[in-house]
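Visitor: below is the sequence, then the predicted model.
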Amino acid sequence: MFKGVNKALLLGSAAVAALLVIVIGSSVVDRLGGGVADASRRPVVSRAVIFRDAPSGGIAVFDQGATEPFQILDREKNSFMATAMRILRQVRQARSKAGPDAPFVVTQWSDGRLTLTDPSTGETVELAAYGQKNAETFAQLLPDTSVPR
């Protein structure tokens, strides 16, 4: 049917497009009042982080203003994070003038939920919506807290 088209590239592109639709769709629902955030929840811990490609091919994670990464993650073991960050960067490019060194904020809430926010666009992603294992890839970026993850 698709002669000469790399099927892996086609499937990968479809997966990225689907995630982009979910991210943008969840933003629209939240802005229209459809969000289900608990009004009593409060942030327990958050961290402003910057994601860059590491020379090793991994994901280098920096604290805002730091010159050395506090973690370098294997891209293959953290493919959800790599894909989510690629999509959020694309949304950022389309909606804001913020550059690649503008931080994202990972927040652990009192109800145990975890969010990823791009302050430059206002996009917030409830990470548990993509499964607990995927949320844990971002939870590893936070310092230890007493709130279970």
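Guide: Structure received.
Visitor: name the SS class of Arg92, please.
Guide: helix (DSSP: H, G, I helix; E, B strand; the rest coil).
Visitor: quick check, it in contact with Ser120.
Guide: Yes: judged on C-beta atoms under 8 Å, Arg92 makes contact with Ser120 at a distance of 5.9 Å. C-beta coordinates here come from the backbone N, C-alpha and C atoms, glycine included.
Visitor: tell me, what's touching those two both at once?
Guide: Counting by C-beta atoms under 8 Å, 6 or more residues apart in numbering, the contacts common to Arg92 and Ser120 are 98, 102.
Visitor: is it correct that Pro69 falls within a helix?
Guide: No: with three-state DSSP as the criterion, Pro69 is located in coil rather than a helix.
Visitor: contacts for the lengthiest strand in the chain next, please.
Guide: Looking across the chain with DSSP state E, the single longest strand is strand 43-53. For strand 43-53, the external contacting residues (C-beta under 8 Å, 6+ apart) are 59-64, 69, 81, 85, 100-110, 141-143, 145-147.
Visitor: kindly export that strand (C-alpha atoms) in CSV.
Guide: Output in CSV follows, covering the C-alpha atoms of strand 43-53 (Å, rounded to 0.1, in the frame of the first residue of the first chain):
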residue,chain,number,x,y,z
PRO,A,43,2.4,21.3,45.5
VAL,A,44,4.6,19.2,47.7
VAL,A,45,7.8,19.5,45.7
SER,A,46,8.6,20.9,42.3
ARG,A,47,11.8,21.3,40.2
ALA,A,48,12.5,23.6,37.2
VAL,A,49,14.5,21.5,34.8
ILE,A,50,16.0,21.9,31.3
PHE,A,51,16.3,18.9,28.9
ARG,A,52,19.1,18.7,26.4
ASP,A,53,20.6,16.0,24.2
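Visitor: where are the low-confidence patches of the chain?
Guide: 1-38, 145-149 (pLDDT under 70).
Visitor: what ranges does it have for its helices?
Guide: Using DSSP state H, the helices found in the chain span residues 7-31, 79-95, 132-139.
Visitor: in the shortest one, what counts as buried?
Guide: Neighbour-count burial for helix 132-139 flags 134-135, 137-138 (criterion: 16 or more other C-beta atoms under 10 Å).
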